[in-house]
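A.B. asks: Would you be able to build a 3D model of this:
(chains A and B)
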Amino acid sequence: MKEQETLEQRLGEQGVSRRAFLKFCAALATMMALPPSSASAIAAALAKAKRPSVIWLSFQECTGCTESLTRSHSPTLESLIFDMISLDYHHTLQAASGHAAEQARDEAMKAFYGKYLLLVDGSIPLKDGGVYSTIAGRTNLDMLEEAAKGAAAIVAVGSCAAFGGLPNAQPNPTGAVAVSDIVKDRPIVNISGCPPIPAVITGVLAHYLTFGELPALDELGRPKAFYGETIHDRCYRRPFYDQGKFAKTFDDEGARNGWCLYELGCKGPTTHNACATTKWNGGTSFPIESGHGCIGCSEPKFWDAGSFYTPLSAPAADVATVAQVSMVAGAGAAVAMGALDRVKKQKLQQSREKLTVEDLKGD
Amino acid sequence: MSLQDIHIKVADAHSVGNVEAILNEIATRLDDFVNTSETGLIDLKSLPFSTDEYERLRAMLGRGEVTARLNSIGESEIYETHFPGVWWVTHYNVEGDIVADLIEIASVPAILQSQWEDVRTGLGRLRQTLTSVRGEPVEP
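C.D. replies: Predicted coordinates:
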């Protein structure tokens, strides 16, 4: 069965050289925000890795998360689907429809019971028996509970699946909740963002494929490699904040000079995501680079957190949090590696030990 | 009002300091290489740069004597900068997007070296070629 082949075997069959494989691993290291020196450790792990079966369920959502994934360029969606994972059900991307589609999901769940990776985008409405979102006549709640039972792990893609998102915003007419509000007995990783960065979705899948387990997570269940630091910490405009240079309106001298957008409501200091370094649209730019503040879309309840244009320090905001973030951020001068467990890895590098797969696993 | 009427001034990258920080890191790694032969890698995609800062870094590192192109699941451009031992390695995918952008501190970047697996496969192919040149039947 093709699923049982390792990635190295699959690439080998396609005539891909070892050098090309190393290049692929260098790109993976960058994508997973691991130290660049880890490419050879990744290559060793991937040589043994099997393609996991993936079932993707879309609930109360706008398809923006899938749209984001289809813009993945590293790896491309095609190479992700054909080489790295076996995407057995995704009702937007799959060719089958109707009963054939639902049958594919049932078969994959049976064949890979206990082993498949379940990806979910969208929130789950609970009000009035969950009638506000159904697929093939079944409620999202019913479908999620069934699929979660046989899943090795669940990836909640996007702020709706991770935290409830827009459907959960006040007054929450459908009683929308996050995946983690329903499933309590399976490991869940939250890839928040509205939508999440495509490389972060593929990065988490690549991590699972490489190491056979989920990456290290923060207290909100998000992978630390991508959500470990705030937008503000990694913003190229950060030095202007430190110098006290702020744009006061979107068309003043400060805005034209590219100064800090904090006073125009930028939520960068309290938002954890990788936009400032991974960027969007194939690495073109990110909102702050285009002159607009961060709206904080990867944080819980960002729709209900007041105006996007009110400064964080305004009385309505949590001033204590801002002060704390500013203090912590002031110490973050090291700009080298974008990785989880940075201190440990730096120590390893300083002691000139070779990184192994075990060192790269989240702990 | 036309687009030209909107006056946009590019921020003075000199005052921002990100380029100086990365140059310092390169100098530290190069110092390590000189003293202990330890090679180093810096992932540029993990660092905060504005476009003009990135271009400024490129200009400050300059180009040295060697440039190599790798054609393997998309192109890769590898060149030694104006500072020997400091290489700029950019990997592209087949669509031409950058998938990895690295500064490598080494005498030769690892990706340029022949890989043993490929060398062994190549030796097999060379022997097959020799067999066919001699007119002997090629082993299946």
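A.B. asks: all contacts plus neighbour counts: C-alpha atoms, from now on.
C.D. replies: OK.
A.B. asks: Using just helix, strand and coil, how would you label the residue most central in space within chain B?
C.D. replies: Geometric centre of chain B, nearest residue: B:V89, 0.5 Å, by C-alpha atoms, centre = their mean. Taking DSSP: H, G, I helix; E, B strand; the rest coil as the rule, one finds B:V89 in the strand state.
A.B. asks: My guess is it contacts B:E75. True?
C.D. replies: No: between B:V89 and B:E75 there is no contact under C-alpha atoms under 8 Å: 10.9 Å.
A.B. asks: rewinding a little: contacting residues for the residue nearest to the centre of chain B?
C.D. replies: B:76-79, B:100-104 (C-alpha atoms under 8 Å, 6 or more residues apart in numbering or on different chains).
A.B. asks: Try it again at 10 Å.
C.D. replies: Contacts for B:V89 (C-alpha atoms under 10 Å, 6 or more residues apart in numbering or on different chains) come out as B:41, B:43-44, B:68-69, B:76-80, B:100-104, B:109, B:111.
A.B. asks: With A:L209 instead?
C.D. replies: A:7, A:45-46, A:48-52, A:84-85, A:203.
A.B. asks: Looking at those, spot the one nearest chain B.
C.D. replies: Relative to chain B, the closest of these is A:G203; by C-alpha to the nearest C-alpha it sits at 12.4 Å.
A.B. asks: which intervals of chain B have sub-threshold pLDDT?
C.D. replies: Low-confidence segments of chain B (pLDDT under 70): B:1, B:3-4, B:7-16, B:137-140.
A.B. asks: How is it partitioned into domains?
C.D. replies: Per automatic domain parsing, the domain ranges recorded for chain B read B:3-108, B:114-140.
A.B. asks: The first one: how far from the chain's middle?
C.D. replies: In this view, domain B:3-108 has its centroid 8 Å away from the chain centroid, taken as C-alpha atoms, centre = their mean, to the nearest Å.
A.B. asks: How many neighbouring residues does the closest residue to chain B within the stretch 251-363 of chain A have?
C.D. replies: As assessed by C-alpha to the nearest C-alpha, chain B sits closest to A:N257 within the stretch 251-363 of chain A, at 4.7 Å. Number of residues near A:N257 (other C-alpha atoms under 10 Å in any protein chain shown) recorded here: 16.
A.B. asks: Please apply the same query to B:E65.
C.D. replies: Other residues near B:E65 number 10, with proximity taken as other C-alpha under 10 Å.
A.B. asks: From chain A, how far out is it?
C.D. replies: To chain A, B:E65 is 23 Å away according to C-alpha to the nearest C-alpha, to the nearest Å.
A.B. asks: Please name the residues that touch that residue.
C.D. replies: Neighbour list for B:E65: B:79-84 [criterion: C-alpha under 10 Å, 6+ apart].
A.B. asks: Using the three-state scheme, assign it.
C.D. replies: coil.
A.B. asks: Quick check on it: phi, psi?
C.D. replies: Main-chain torsions, B:E65, degrees, to the nearest 10: phi -90, psi -20.
A.B. asks: From what I see, A:E107 and A:S53 are in contact.
C.D. replies: No: judged on C-alpha atoms under 10 Å, A:E107 makes no contact with A:S53 at a distance of 11.3 Å.
A.B. asks: So for the two, which residue has more residues nearby?
C.D. replies: A count of neighbours by other C-alpha under 10 Å puts A:S53 above the other of A:E107 and A:S53, at 22 against 14.
A.B. asks: thought that one was touching A:K115?
C.D. replies: Yes: contact between A:S53 and A:K115 holds when scored by C-alpha under 10 Å: they sit 7.5 Å apart.
A.B. asks: hey, what's in contact with both of those two?
C.D. replies: Residues touching both A:S53 and A:K115 by C-alpha under 10 Å, 6+ apart: A:109, A:151.
A.B. asks: returning to what we had before: and the contacts of B:V89, which of them are buried?
C.D. replies: Neighbour-count burial (16 or more other C-alpha atoms under 10 Å in any protein chain shown) applied to those gives B:41, B:43-44, B:76, B:78-80, B:100-104, B:109, B:111.
A.B. asks: tell me, which of these make contact with chain A?
C.D. replies: Filtering these for proximity to chain A (criterion: C-alpha under 10 Å from any C-alpha of the partner chain) leaves B:41, B:43-44, B:76, B:100-104, B:111.
A.B. asks: Just those residues: which are in strands?
C.D. replies: B:41, B:43, B:76, B:100-104 (DSSP state E).
A.B. asks: so which of those residues comes closest to chain A?
C.D. replies: Once C-alpha to the nearest C-alpha is applied, the member of these that ends up nearest chain A is B:A100, at 5.0 Å.
A.B. asks: what sits opposite the closest one in the beta ladder?
C.D. replies: Beta bridges link B:A100 to B:H91, judged by DSSP bridges.
A.B. asks: Was I right to think it contacts B:L44?
C.D. replies: Yes: between B:A100 and B:L44 there is a contact under C-alpha under 10 Å: 8.1 Å.
A.B. asks: shared neighbours, these two?
C.D. replies: Listed contacts common to B:A100 and B:L44 are A:30, A:36, B:89-90; contacts here mean C-alpha under 10 Å, 6+ apart.
A.B. asks: So which of the residues you listed wins on neighbours?
C.D. replies: Counting neighbours by other C-alpha under 10 Å, A:T30 leads the shared contacts of B:A100 and B:L44 with 29 neighbours.
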